[in-house]
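K.L.:
the following block contains a protein sequence and its predicted model.
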Amino acid sequence: MKRILSFNVLAAMAAFAAPEELIRNGSFEEIKDGKAIGWPSARHYTYADRAGMNGTRGVAYDNSSEKDYRALLTQDVPFKHGQRYCFSVWQKTENATRPVSI
């Protein structure tokens, strides 16, 4: 069974006290050589137009393997001890046969 997951990092990791975004290219709109700047090239992922919320650019995860279904997209984020952060994500699934979580 084929599973497709698409998501956008929206107000990505913005600290309450600091208005700047801590996630680089959270909307996946900055592209260089066909890849989203600041994000890894990972197996089963594509960076695609209209894969995100409201038809914006996003990440599409497509994997039909029953054994290798886990996926990770990561970035190093400079957290400060004692600081509060807000993290939000928009995710959409199609034909998911296992639980999907962030």
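P.N.:
That came in fine, so what should we check first?
K.L.:
not counting sequence-adjacent ones, nearest residue to W39?
P.N.:
Leaving aside its sequence neighbours, W39 sits nearest to L73 (CB to CB, 6 or more residues apart in numbering; 6.1 Å). Where C-beta positions appear, they are placed from N, C-alpha and C, glycine not excepted.
K.L.:
all the strands of the chain, residue numbers only.
P.N.:
3-9, 14-15, 31-32, 35-36, 45-48, 58-63, 85-86, 89-94 (DSSP state E).
K.L.:
which outside residues touch the third one?
P.N.:
In this case it means strand 31-32. By CB atoms under 8 Å, 6 or more residues apart in numbering, the residues outside strand 31-32 that reach it are I37, Y47, R57.
K.L.:
who touches the nearest residue to the first one once chain neighbours are set aside in this structure?
P.N.:
This points to I37. Nearest residue to I37 in three dimensions, chain neighbours excluded: E30, at 4.3 Å (CB to CB, 6+ apart). Shown in contact with E30 (CB under 8 Å, 6+ apart): A36, I37, G38.
K.L.:
between those residues, which is closest to K67?
P.N.:
Ranked by distance to K67 (CB to CB), these are led by A36 at 26.9 Å.
K.L.:
who are the contact partners of that closest one?
P.N.:
By CB under 8 Å, 6+ apart, the neighbours of A36 are N25, F28, E30, Y47, R57, V59.
K.L.:
give me the nearest residue to the first one, chain neighbours excluded.
P.N.:
Using CB to CB, 6+ apart and skipping residues adjacent in sequence, the residue nearest N25 is G38, 4.2 Å away.
K.L.:
okay, now the unreliable bits of this protein?
P.N.:
Within the chain, the segments meeting pLDDT under 70 span 1-19, 42, 68-71, 102.
K.L.:
could you check how many residues crowd around D76?
P.N.:
7 (other CB atoms under 10 Å).
K.L.:
before we move on, what about T46?
P.N.:
For T46, using other CB under 10 Å, the count is 16.
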